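> I would like the atomic coordinates for the input below:
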Amino acid sequence: MISVVMATYNGEKYIEKQLKSILNQSLIPDEVIIRDDGSSDATVQLVKDFIQKNKLSTWNIEVNDKNLGYKKNFANLLSLAKGDYIFLSDQDDEWINDKIDKMVTVLKDNKAIQALNGGVRLIDANSNKVEIANRKNVYNANFYFSKKPVVRLNEVPLASLIISNVTPGCAMAITKELRDTFISSYEDTFPHDWYLNMLAAYNSGCYFLNEEVISYRIHDNNASSPTAATGILSKLQKFNQEKKRRMERMQSQVAIVPSIEKSLGKINSESSLAYNFVKARLAFYERPNLRNLIAMRKYDDYKDRTVLKGEIWDLILAFKVDKLIYLFGNINGE
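Sure, this is the predicted structure:
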């Protein structure tokens, strides 16, 4: 049995394209469960009309009693799914028509896989393909870092996931068994899709399929596509927002590893090294100075993952000239 779970919230602009791309799959899901998080636009009515028009008796949409936020909404959705294989869906992408068939085939042929992450192609608001420059050792539209050359099917170690995720959750499929582990241990302070991958990777069950399975939409409301700031006040505001966003992300990364260990046991030495790197990076962001910069730079992961702009950014923070340089030079980077 195959389930699709979709979280919606004020998605009227693109929701029909996403629904059509699921309906037109070469392998049809057995159930599609949709939970709306209190939309104030026409999202719910559009979904209901689509279900009725296409006589989709195994599709269902309900509205949450209160706004839960996307992490808790997806956690609730996953608890409702009955499938042996469960696909996560956002509201504004477009699935390639053999996504389900291709990923289910891989899962059936490789019983060790618990979380399968597919490749993405980027599209804009008008569904036109977006081209981006490829960074060294980064694949999948720059979502996936790997020092090893990527082949068709790649195991993703927990150490790598402690530092960064593989792909957006809307491009992944999981097994029912992984879902059960997730439900028993998930705390909604951490992104649900990233946590699913980490749980799977603990038992060597997280993989990346190096084939495009969705068109991932980038638009102004998408965190992957920040709107360019103009003017001194706007640039300063964006600087502060970006720094805060990075710190919050790293704080959640640091907090989630003890949760993994509580549920599954101690992580291995390679993963511990990655964990220490994330803690060192957080310490630098909390107290950016030369001493913490040196401590962070000693890790191979810093050297492997940080591009020149990122190194410049960190030097700027360490020498306390970050806001001045940002305002007048608009330097940023990972």
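> could you pull out the strands for the stretch 201-334 of the chain?
206-217 (DSSP state E, counting those that start in this stretch).
> Poorly predicted segments of it, please.
220-237, 239-240, 321-334 (pLDDT under 70).
> quick one: the helices in it?
For the stretch 201-334 of the chain, helices defined by DSSP state H, counting those that start in this stretch occupy the ranges 232-264, 269-286, 290-297, 300-305, 308-318, 322-329.
> now these as JSON lines including distance to residue 166?
Placement of C-beta: from N, CA and C, glycine included. What follows is the helices of the stretch 201-334 of the chain, written out as JSON lines (distance: least, CB to CB, whole Å):
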{"stretch": "helix 232-264", "distance to residue 166": "14"}
{"stretch": "helix 269-286", "distance to residue 166": "14"}
{"stretch": "helix 290-297", "distance to residue 166": "23"}
{"stretch": "helix 300-305", "distance to residue 166": "14"}
{"stretch": "helix 308-318", "distance to residue 166": "20"}
{"stretch": "helix 322-329", "distance to residue 166": "30"}
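> Residue 84: which of these is closest?
helix 232-264 (21.9 Å; CB to CB).
> okay, the angle between the closest one and helix 269-286?
With axes from the mean of the first three to the mean of the last three CA atoms, to 10 degrees as the basis, helix 232-264 and helix 269-286 are set at 150 degrees to each other.
> now helix 232-264 against helix 308-318, angle please.
With the same axes, to 10 degrees defining the directions, helix 232-264 sits at 100 degrees from helix 308-318.
> Stretch 164-171: how far from the chain's middle?
4 Å (CA atoms, centre = their mean, to the nearest Å).
> Oops, could you answer that again for stretch 163-180 instead?
Offset of stretch 163-180 from its chain centre (CA atoms, centre = their mean): 9 Å.
> Next: stretch 142-149.
Stretch 142-149 sits 15 Å away from the centroid of its parent chain (CA atoms, centre = their mean).
> what residues are up against residue 165?
143, 191, 193, 194, 197 (CB atoms under 8 Å, 6 or more residues apart in numbering).
> So of the residues you listed, which two are at opposite extremes in space?
Maximum pairwise distance in the contacts of residue 165, criterion CB to CB, is 12.9 Å, between 143 and 191.
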